[in-house]
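>>> My questions concern the predicted model and sequence given below.
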Amino acid sequence: MLDDAKKQWKLIESRCPISQSTLWSTQKQIYIDEGINIWRDRPSFVTSSSYVADAIAEIAHAYLLESAPRLNLDEPYYFIEIGAGSGCFAYRFLHGLLRRLKTCAVLSTLQVRYLMTDIVPDIVEFWKRNEMLGPLVTNGILDFAIFDPLTDGKLDIRGDSFDALCFVNPPFVIANSVFDTMAIDAFQFSDGSIEEVYSELYMHEHSSLKEALIANDVVLKESLQSIARPRYENAMIEAILTDYANLTKKGWKTSLPLAAFLIVDALRVLTADKFALLTCSRGFTRPQDAKVEYLDLSFPLNFDALSRYCRSAGARQVVSEHSSTSRRILLSAFGFNSALTSTQLKVDELVAGRRVFSLHKDVLDSLPKDNVIDALIVLAQRTNNDPSLFSTFVSANFDRLEKCLEKEPGGNNDELIATLHAVDEQIFAFGTSIDSSLRFAKDGDALGLLIKVWRRARQSTPWAKAMV
Ligand SMILES: C[S@@+](CC[C@H](N)C(=O)[O-])C[C@H]1O[C@@H](n2cnc3c(N)ncnc32)[C@H](O)[C@@H]1O
């Protein structure tokens, strides 16, 4: 941090409200300049792992079933993804959803249209070339658009083949790990009083803020500033500030996702207040867990504030409870008056990790029975090259795997299979990324070997090939 004696910290931005920092425009520029390259090494398992994308497909399916009485099956049903990044989520989500709809008596004729959007032209070009996404485009299900929800205020979104979207059915908007990369303000509350958190930016050695952000080497120094009320023109935001000030907790800080509020407002106008908004990302749902901690181009999202904002605009909600991981989900349904009981159940299942069994058994059954390395490659492929699943498994079973691999790499893998069966819960639990495992791996040790195997498997799958 700043007092790290070895580093020469340089002030690069003097104190201002966090939402006015150049952090936001610089981050945006990083996404635009890096294009698809940013996704080659960047962990995206919080939202895009096969486990999570499939779980979200299950949540969307439950929501569609609860919306069914209001749907017009003669008209398309639009999903719009904001900030779709690598496209991996859309691919996995759509496969999970279409599979469920095919066998769903009520919704088998639903005409799904999915519009992936991002602000980055290079990414949209990547999607167009991607051989995994191609068939979905050919079938008229998928389309792409360059779209910036913060500046394209009119939200006139259309893809190459979808015409101007006409929402006979209320659209389903997905914004995963997007609001946490957009502007926030932050406040400290104590005994009914509110002070604003201002930031100063410091970096060392780098020649630009952009370079320092990419290296995760920027420090935000906070200081407090008294404020006059109203701080915002928007009464709904003011109400959240007042509610927070009245919480009986001393000296606590939290953030307000200002850009997310603006996007909710724009979506309400676009859809005449009839839409669902699902967001999944790093963040917190209890104000007392608040963190204003900048890391890896994002602040953890204050789901509580977003939920309060949408509720005060009349939305029904499904929200993930507190859990030991930092992944949270919020689904806000505007213009929707029924209970969302089974949708909530699906969210609870995801958070509690109860969706484990069937998928895991499927993976286990597909493992080669007589070769450890082949079994590991298949394991990596069947977990869709999801580093979190693979490395959770590796770290949870390090000793057994090491023994197994030392004994006969390439030989009989009964012990591996037994180990796999013993950890069926953990393999799909939320875990660390392959990058963090890599830090502990040495060439020649078991973990290093597993990681090499994982990398080989990663290079040989169709999705990965398309990324190269
Ligand atoms: C952290 S990534 C999340 C990608 C993907 N949704 C996921 O869950 O992995 C944020 C995405 O939002 C896009 N993005 C960044 N800044 C944005 C902005 N100001 N407005 C809209 N999208 C933005 C980026 O290009 C990037 O694809």
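Thanks, I have it. Residues are numbered from 1 along each chain as shown.
>>> and the protein, which residues reach the ligand?
28, 31, 44, 47-48, 83-85, 89, 118-120, 148-150, 176-178, 181-182 (Cβ under 6 Å from any ligand atom). C-beta here means a position set from N, CA and C on the backbone, and glycine is covered the same way.
>>> give me that answer again for 8 Å
Residues of the chain found near the ligand (Cβ under 8 Å from any ligand atom) are 24, 27-28, 31-32, 38, 42, 44, 46-48, 81-86, 88-89, 118-120, 123, 147-150, 174-178, 180-182, 259, 280-281, 297-298.
>>> Just the ones of the residues you listed in helices?
24, 27-28, 31-32, 38, 46-48, 88-89, 123, 259 (DSSP state H).
>>> Buried ones among those residues?
Neighbour counting with 16 or more other Cβ atoms under 10 Å marks 24, 27-28, 31, 38, 46-48, 88-89, 123, 259 as buried within these.
>>> From the residues you listed, which shows the smallest pLDDT?
Ranked by pLDDT, those bottom out at Val46 (66).
>>> any idea how far the residue nearest to Val137 when sequence neighbours are not counted lies from Glu81?
Counting by Cβ to Cβ, 6 or more residues apart in numbering, Val137 lies nearest to Asp143, which is 6.9 Å off, once chain neighbours are set aside. Distance, Asp143 to Glu81, by Cβ to Cβ, to the nearest Å: 11 Å.
>>> And for Tyr63?
15 Å.
>>> that older thread, point me to the helix or strand that includes the residue nearest to Val137.
Using DSSP states H and E, the element containing Asp143 is strand 142-146.
>>> Next: Thr242.
With DSSP H and E as the test, Thr242 turns up in helix 235-245.
>>> so after that helix, what's the next helix or strand?
Following helix 235-245 toward the C-terminus (DSSP H and E): strand 252-256.
>>> So what touches that next one?
18, 184-190, 197, 237, 240-241, 244, 287-288, 290, 292, 299-300, 302, 305 (Cβ atoms under 8 Å, 6 or more residues apart in numbering).
>>> From these, keep the buried residues only.
18, 184-189, 197, 237, 240-241, 244, 287, 290, 292, 299-300, 302, 305.
>>> helices or strands next to the longest helix along the chain in the packing?
When the chain is parsed with DSSP H, its longest helix is helix 50-67. If you count contacts as 3 or more Cβ pairs under 8 Å, 6 or more residues apart in numbering; DSSP states H and E, helix 50-67 packs onto helix 45-48, helix 88-102, strand 172-174, strand 275-284, strand 327-334, helix 341-352.
>>> What strands line up against the fourth one, and which way round?
What that stands for is strand 275-284. If you go by DSSP bridges, strand 275-284 pairs up with strand 172-174 (parallel), strand 301-302 (parallel), strand 327-334 (antiparallel).
>>> Point out where this structure drops to low pLDDT.
1-7, 40-46, 50, 152-165, 322-325, 352-377, 379-468 (pLDDT under 70).
>>> Which segments of it make up each domain?
1-359, 361-466 (automatic domain parsing).
>>> Helix or strand: which one has the nearest residue to Leu73 once chain neighbours are set aside?
Counting by Cβ to Cβ, 6+ apart, Thr109 is the residue found nearest to Leu73 once chain neighbours are left out, at 5.2 Å. For Thr109, there is no helix or strand it lies in under DSSP H and E.
>>> Next, give phi and psi for Thr109.
Backbone geometry at Thr109, expressed as degrees, to the nearest 10, gives phi -100, psi 10.
>>> check contacts around Ser338.
The contact partners of Ser338, by Cβ under 8 Å, 6+ apart, come to 66, 316.
>>> Now the phi/psi pair for it, please.
According to degrees, to the nearest 10, Ser338 has phi -100, psi 170.
>>> coming back round to it: out of the ones in helices among the residues of the chain next to the ligand, the closest to Glu131 would be?
Cys88 (13.7 Å; Cβ to Cβ).
>>> Is the closest one in contact with Ser48, as I believe?
Yes - using Cβ atoms under 8 Å, Cys88 makes contact with Ser48 at a distance of 4.5 Å.
>>> picking that back up, the residue nearest to Leu73 - how many residues pack around it?
Thr109 has 9 neighbours, counted by other Cβ atoms under 10 Å.
>>> Contacts only, for Cys16.
When contacts are taken as Cβ under 8 Å, 6+ apart, Cys16 is in contact with 198-199.
>>> Correction: the previous question concerned Leu306.
179, 257, 260-261, 264, 279, 330, 332.
>>> let's go with 6 Å and repeat that
257, 260 (Cβ atoms under 6 Å, 6 or more residues apart in numbering).
>>> List phi and psi for it.
The phi/psi pair for Leu306 (degrees, to the nearest 10) is phi -60, psi -40.
>>> Begin at 654 from now on, thanks
Let's use 654 as the start, then, which means that last one is Leu959.
>>> Please report how far it lies from Gln680.
Distance from Leu959 to Gln680, by Cβ to Cβ: 19 Å.
>>> Provide the count of other residues in contact range of the residue nearest to Thr700 when sequence neighbours are not counted.
Excluding its sequence neighbours, the residue lying closest to Thr700 (Cβ to Cβ, 6+ apart) is Asn829, at 3.9 Å. Neighbours of Asn829 under the rule other Cβ under 10 Å: 26.
>>> Leu931 is in contact with Asn829, correct?
No - contact status for Asn829 versus Leu931: not in contact, 7.8 Å apart, counting by Cβ atoms under 6 Å.
>>> ok, back up a step: quick check: strands, which of the buried ones among the contacts of strand 905-909 are part of them?
Judged by DSSP state E, these include 838-842, 850, 955 as members of strands.
>>> coming back round to it: just send the buried ones among the ones in helices among the residues of the chain next to the ligand back as JSON lines, with distance to Glu858 too.
As requested, these are exported to JSON lines (distance: Cβ to Cβ, whole Å):
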{"residue": "Trp677", "distance to Glu858": "23"}
{"residue": "Gln680", "distance to Glu858": "20"}
{"residue": "Lys681", "distance to Glu858": "23"}
{"residue": "Tyr684", "distance to Glu858": "23"}
{"residue": "Ile691", "distance to Glu858": "22"}
{"residue": "Val699", "distance to Glu858": "29"}
{"residue": "Thr700", "distance to Glu858": "32"}
{"residue": "Ser701", "distance to Glu858": "32"}
{"residue": "Cys741", "distance to Glu858": "33"}
{"residue": "Phe742", "distance to Glu858": "35"}
{"residue": "Ile776", "distance to Glu858": "30"}
{"residue": "Ala912", "distance to Glu858": "30"}
